[in-house]
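[1] sequence-free structure coming up:
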């Protein structure tokens, strides 16, 4: 504010007072903001980069960079942690979760988007709760129940647990997509004699395909990255990549740090591939949460 | 609509048609019942996998292995080591969530317009969210460790003589909450900010308001409800911190958060009733804080919209 009061004397030319004043004040603020952003990104780069460099390094103690570079930690990690099997499990779990949550979620989203019925608000609230609650809070009772029925510790338990946040997520992302579709299209199909099934399969499904693809990818990213629920329900042969990474990290010291890093890099690259695919279809903010968005200019 | 619904009643009361046509007729006319069945799998699913476990856990927490119905809760609140986890968790989650939201506002305010590389910045910010806390923990251990790059830079700049201890304590967990939480908060705040009509601010400018006045009296009140929501979501993320508290924190001491206490009860002592009780306490505390914020949010929102009108 001190700069603003100093300006009017210099502000002789007949330019509108609003613009130059804003710019002069904004300049140090802009520097500060950009400085904060760059500092954040530098640290982020350091966090990701140090894992990457370490995974290729031979020995790295008290220097800026490792002594030499090698790729042997990758084959080490692959054999030590039976990564082949872990990746297969990860893919199985996430694809099952994606498929099932779409099957369960899309019809429900359709009803919630199109119809009003008694208890609709209650239904919405119940579908919202699993997203609002932290996974550990409902994960522990859920794991207890799954253990009671002998489902936990296997692939099925992991899939069931991961469905809990995924189905509501599909419902919440699909509802606006369905609301966009003109209901007269369905009415026209109905009038031409289509039953519920053919309205769904031949009219709605093609129209909803982009939306389903987007929410499928979002669920995939979330499931591959979901740690808590998988951690609470997984047995030794149903660990996904994140959980295997966690176990190898918490047992640090037994194995070489670099092979844990190599595993982390494998996980990162898997997530980045998914992310690149996801960003082709969805807006970055959708990855975070569903917010009502205005179309960008 | 009332005209179309009356015929089936007479049709149903009339002479019975062939069962097939009858069924089809009813489905076509009263699509209501048929369509509501589509909701059934999802409702069944939520009941079996969310509500049932939740109430099962709630019931279990009142049936401790020994003692009366409330003895597990009494055990938790009576033991200062366990009770302290609540303050540890809040001491981590509240400052982290506040910092994430407050830091996002000026940055999002500056970046709300269009500029070159905006998409790149948003994409880069999504990266730490997708990486998750486990990988962030691994990176922080390397990066902030005593021989990591961060301490090397600090020592190279002569800011400290010996490495600053940043991992295996409060700060390691705090940084991991910032790294995963800040982009999340930022993207949310950015999308709320771009939802505010810029002409409102231009109108204020024509009336002679400076940028601070415009921000404080026009943008901020409109943004506040969004900020409250963002704070809630960021707080939920930070409150359930588990992997980073174990990996970069000091899980036996200053970062023994409440989720670690619940986990230990369930998977190390196999005391499921006690674990459920801790999980319920955790959920209750979180709901209390969220409802306080959301309650304040309704006040904010009505106040500001009234002023605007």
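    That came through, no problem. Fair warning: this is a prediction, and the values are worked out from it, not measured in the lab.

[2] how about the contacts made by residue B:173?
    Contact partners of residue B:173, counting by CB atoms under 8 Å, 6 or more residues apart in numbering or on different chains, are B:92, B:241, B:244-245, B:248-249, B:255. Any C-beta I mention is one placed from the backbone N, CA and C, and that applies to glycine too.

[3] now swap in residue A:85 and tell me
    So residue A:85 contacts residue A:237 (CB under 8 Å, 6+ apart).

[4] now the helix or strand harbouring it: mean pLDDT?
    In the assignment (DSSP states H and E), residue A:85 maps to helix A:83-114. On average, the pLDDT along helix A:83-114 is 91.

[5] please parse chain A into its domains.
    Listed domain ranges for chain A are A:2-70, A:73-288 (source: automatic domain parsing).

[6] next one: the longest one to chain centre, how far?
    Translated: domain A:73-288. Domain A:73-288 sits 9 Å away from the centroid of its parent chain (CA atoms, centre = their mean, to the nearest Å).

[7] contacts only, for the residue lying closest to residue A:155 once chain neighbours are set aside.
    Distances taken as CB to CB, 6 or more residues apart in numbering or on different chains put residue A:238 closest to residue A:155, at 4.8 Å, once the chain neighbours are dropped. With contact taken as CB under 8 Å, 6+ apart, residue A:238 is in contact with A:89, A:93, A:153-155, A:157-158.

[8] neighbour-wise, which of the residues you listed leads?
    residue A:158 (32 neighbours; other CB atoms under 10 Å in any protein chain shown).

[9] what distance do you get for that residue to chain B?
    13 Å (CB to the nearest CB, to the nearest Å).

[10] next SSE downstream of the helix or strand containing that residue?
    Here residue A:158, judged by DSSP H and E, is contained in helix A:155-180. Counting by DSSP H and E, the next helix or strand C-terminal to helix A:155-180 is helix A:183-191.

[11] in the helix or strand just after that following helix, what's buried?
    Where DSSP H and E defines the elements, the next helix or strand beyond helix A:183-191 is helix A:196-198. Across helix A:196-198, burial judged by 16 or more other CB atoms under 10 Å in any protein chain shown covers residue A:196.

[12] show me what the helix or strand just after helix A:196-198 is packed against.
    Downstream of helix A:196-198, the first helix or strand assigned by DSSP H and E is helix A:205-225. If you count contacts as 3 or more CB pairs under 8 Å, 6 or more residues apart in numbering or on different chains; DSSP states H and E, helix A:205-225 packs onto helix A:83-114, helix A:155-180, helix A:241-250, helix A:257-281, helix A:284-288, helix B:118-144.

[13] and the residue nearest the centre of the chain?
    You didn't pick a chain, so chain A it is. Note on chain A: the residue nearest the mean C-alpha position is residue A:222, at 3.9 Å, using CA atoms, centre = their mean.

[14] to clarify, I was referring to chain B.
    residue B:233 (2.8 Å).

[15] okay, it: pLDDT?
    Per the predicted model, pLDDT is 86 at residue B:233.

[16] what helix or strand is it located in?
    Assigned by DSSP H and E, residue B:233 falls within helix B:220-239.

[17] quick check: closest non-adjacent residue to the residue of the stretch 51-200 of chain B found nearest chain A.
    For the stretch 51-200 of chain B, the residue closest to chain A is residue B:57, as judged by CB to the nearest CB, at 2.7 Å. Among residues not flanking residue B:57 along the chain, residue A:141 sits closest, at 2.7 Å (CB to CB, 6+ apart).

[18] could I get the contacting residues of the closest residue in space to residue A:165 that isn't next to it in sequence?
    Nearest residue to residue A:165 in three dimensions, chain neighbours excluded: residue A:130, at 5.2 Å (CB to CB, 6+ apart). Contact partners of residue A:130, counting by CB under 8 Å, 6+ apart, are A:138, A:164-165, A:167-168, B:46, B:50.

[19] need the pLDDT of residue A:130.
    pLDDT, residue A:130: 85.

[20] which helix or strand contains it?
    helix A:120-132.

[21] quick one on the thing from earlier: give the contact list for the residue nearest to the centre of chain A.
    A:165-166, A:169.

[22] burial of the residue in the stretch 101-250 of chain B that chain A sits nearest to, as a residue count?
    Going by CB to the nearest CB, chain A is nearest to residue B:240 of the stretch 101-250 of chain B, at 3.0 Å. By other CB under 10 Å, 23 other residues sit near residue B:240.

[23] measure the residue nearest to it when sequence neighbours are not counted to residue A:103 for me?
    Once flanking residues are discounted, residue B:240 sits nearest to residue A:134: 3.0 Å by CB to CB, 6+ apart. According to CB to CB, to the nearest Å, residue A:134 stands 26 Å off from residue A:103.

[24] more neighbours: these two, which one.
    Remark: of residue A:134 and residue A:103, residue A:134 carries more neighbours, 21 against 13, as counted by other CB under 10 Å.

[25] the helix or strand encompassing residue B:182: how far from the chain's middle?
    Secondary structure from DSSP H and E places residue B:182 in helix B:170-194. Relative to its chain's centre, helix B:170-194 lies at 11 Å (CA atoms, centre = their mean).

[26] and residue A:204, how many residues sit next to it?
    Residue A:204: 18 neighbours (other CB under 10 Å).

[27] tell me the spacing between it and chain B.
    According to CB to the nearest CB, residue A:204 stands 11 Å off from chain B.

[28] next up, the contacts around that residue.
    Here residue A:204 is in contact with A:110, A:178, A:181, A:186 (criterion: CB under 8 Å, 6+ apart).

[29] may I see the PyMOL selection of the buried members of these?
    Buried members of the contacts of residue A:204 can be picked out in PyMOL with the line below, counting by 16+ other CB under 10 Å:
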select buried, chain A and resi 110+178+181+186
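
[30] and chain B, which of the contacts of residue A:204 reach it?
    Near chain B, judged by CB under 8 Å from any CB of the partner chain, the entries from the contacts of residue A:204 are residue A:110.
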